[in-house]
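Q: Need a 3D model of the sequence below.
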Amino acid sequence: MPTFDFTPDLALDPTLALARQLIARPSVTPNDMGCCGILAERLSALGFNCETFNRDGVTNLWARRGTAKPLFVFAGHTDVVPTGPLEQWTSPPFAPEIRDGKLYGRGAADMKSSLAAALTASEAFIAAHPQHPGSLAFLLTSDEEGDAVAGTTIVVEALKARGETLDYCVIGEPTSVNTLGDMIKNGRRGSLSGTLRVKGIQCHIAYPEKGRNPIHEAAPALAELAATVWDQGNEYFPPTSWQVSNIHGGTGATNVVPGHLDIKFNFRFSTASTPESLQQRLCAILDQHQLDYEIQWTLGARPFLTARGPLAEAASAAIREVCGIATELSTTGGTSDGRFIADICPQLLEIGPVNASSHKIDESVAVESLPKLSAIYQHILVTLLRP
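A: Prediction:
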C-alpha cells in the first residue's frame, strides 16, 4: 500500500485550491453556476467521457472512465443552501477565506470540499495506475439541497434504461462528528409522511350533542399512535419513529365545535419496516377508534443500507491509515441522494468532513482535513481498483 502525502505546505494543496474555486461559485440550489463545468474539464483531461442530463434548470453530470467492471462512483452535489443574512457572515459566503486554520464559505462542508477531494484523489490514483482494472465515474447534480426531483434521480433512471449498474459508490456528504473520519454513513432511514383529516360535524359549542368533535374523537387514537412500537430496529438502525409535526382544528372562535381536524405526521423508518406495513398498521388504529377520516401519503425516501463488506472494509482501513482512528458506521440523520443511487448500487457509503457547520452562517471546514480526505478516497480506490 502506498504512503499518502498530506502536503505539509497546505497553502499549495491541490484539494484546497479546487475547493476554493468551487466555493467561489454562488451555486444556490438548483443553480450549478459552472461548478460541473470546472470538474468536467479536469475529468475529461483524465480520459472520462462526460455526459450531461440537464432538466428544469438543473445541471447533472455523469462522467465515466472505462467500461469494465467493477464500477466505482463518486457522487455528490454542487448546489448549496441559501446564505441567510449576509451581514451575519464574518466574510462573504462566496469569497472563500482561510482563517484560524479553517476554510470559510457556503458549501465548504456541504459539500464542495468533498467534490474537490474526490477529483484530486482520482487524479492521483490514475497517475499512479493509468491502466487500473474496472471503471471510475462521477455522478454530480445541482439539485440535492432543493426539491431533488430533477437531479440524481434523473441520472439514475437514465442509467437504468441503459442497463448500467454501479458496484461501489462513495457520496461526499459531511458525516464526521468531531474529527475527520470518526463517523461514516452506511445507510439512511426512510421518510414516510401523511396528511390526515379527521372529519366531525361543526356545531355551536353550547350544544355539542348536535355535532361531533373531531379533536375529542382523534385524541385517543393519537395517544395510541404515539405509544406504538412500530419495530425494534436492527443492528444498524434505531426503531422506527412516528411524530406529529402539525395539527390544526377549529375556526379560531371559542364557541364553535370544529368540523374537521388536520394532522401532519412523519415516519422515519428502518429496513425493519416497509411503507406498506406502516400505512396498514396506522390505518388499522384509526379504524379501531372508528374515526371518519381521509389520508394522503407521501413517500419521501425508502431506507437503504450497506452492510459490512468490501467497501465498508476499504473505507475503515483507509480512515485508520490516514487518520489513525477507528470509524463508526452510522445510519443517523436525515436522508441523501443515496436513496436514489441505492436502486442500482449494492454498496454505498457517505464519507465526508465534519458536519458541525453545514447550512450555518460562517460554514467552514478544517484546512488540514482536505488533503486527508483526498487521501482517504485515494486509499479506497487503491484497495478496490488497484491492478
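Q: measure stretch 65-83 end to end?
A: Criterion Cα to Cα, to the nearest Å; first-to-last residue distance in stretch 65-83 is 35 Å.
Q: Would you mind measuring from residue 28 to residue 92?
A: 14 Å (Cβ to Cβ, to the nearest Å). All C-beta spots, glycine's among them, are computed from the backbone N, C-alpha and C.
Q: Actually, residue 358.
A: 18 Å.
Q: next one: residue 165
A: In terms of Cβ to Cβ, residue 165 sits 43 Å off from residue 92.
Q: Next, count neighbours for residue 173.
A: Number of residues near residue 173 (other Cβ atoms under 10 Å) recorded here: 28.
Q: Then residue 291?
A: 19.
Q: same question, residue 157
A: Neighbours of residue 157 (other Cβ under 10 Å): 14.
Q: Assign a three-state SS to it, would you?
A: Look at residue 157: counting by DSSP: H, G, I helix; E, B strand; the rest coil, its state is helix.
Q: before we move on, back to that, and residue 28 and residue 92? Which one has more around it.
A: For residue 28 and residue 92, the more surrounded residue by other Cβ under 10 Å is residue 28, and the numbers stand at 19 against 15.
Q: My read is that the more buried one contacts residue 78, right?
A: No: using Cβ atoms under 8 Å, residue 28 is not in contact with residue 78, being 10.7 Å away.
Q: and residue 117, what pLDDT?
A: pLDDT for residue 117: 98.
Q: residue contacts, residue 301?
A: 188, 190-191, 335, 339 (Cβ atoms under 8 Å, 6 or more residues apart in numbering).
Q: Need the phi and psi values for it.
A: phi -170, psi 140 (degrees, to the nearest 10).
Q: same check, this time on residue 333
A: Torsion angles, degrees, to the nearest 10, at residue 333: phi 90, psi -170.
Q: Sheet partners, orientation included, of the lowest-mean-pLDDT helix or strand in the chain?
A: Of all helical and strand segments in the chain, the minimum by mean pLDDT, DSSP states H and E falls on strand 304-305, at a mean of 92. Within its sheet, strand 304-305 is paired with strand 187-188 (antiparallel), according to DSSP bridges.
Q: quick one: contacts of the strand it pairs with?
A: 236-237, 271, 301, 303-306, 331, 333-336, 338-339.
Q: I only care about the residues you listed that end up buried; give me the ChimeraX line for that.
A: Typed into ChimeraX, the line below selects the buried ones among the contacts of strand 187-188, using 16 or more other Cβ atoms under 10 Å:
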select :236,237,271,301,303,304,305,306,331,333,335,336,338,339
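Q: from the contacts of strand 187-188, which is closest to residue 324?
A: Set against residue 324, the nearest of these by Cβ to Cβ is residue 306 (23.9 Å).
Q: For the closest residue to that closest one other than its chain neighbours, which residues are in contact?
A: The shortest distance from residue 306 to any non-neighbouring residue, by Cβ to Cβ, 6 or more residues apart in numbering, is to residue 186 (4.6 Å). Shown in contact with residue 186 (Cβ under 8 Å, 6+ apart): 236, 305-307, 312, 329-331, 349.
Q: how about those, which pair is most distant?
A: 307 and 330 (13.5 Å).
Q: okay, those two: which has more neighbours?
A: residue 330 (18 against 13).
Q: Next, count neighbours for the closest residue to the more buried one other than its chain neighbours.
A: Sequence neighbours aside, residue 183 is the residue nearest to residue 330 in space, at 5.2 Å (criterion: Cβ to Cβ, 6+ apart). Residue 183 is flanked by 22 other residues according to other Cβ under 10 Å.
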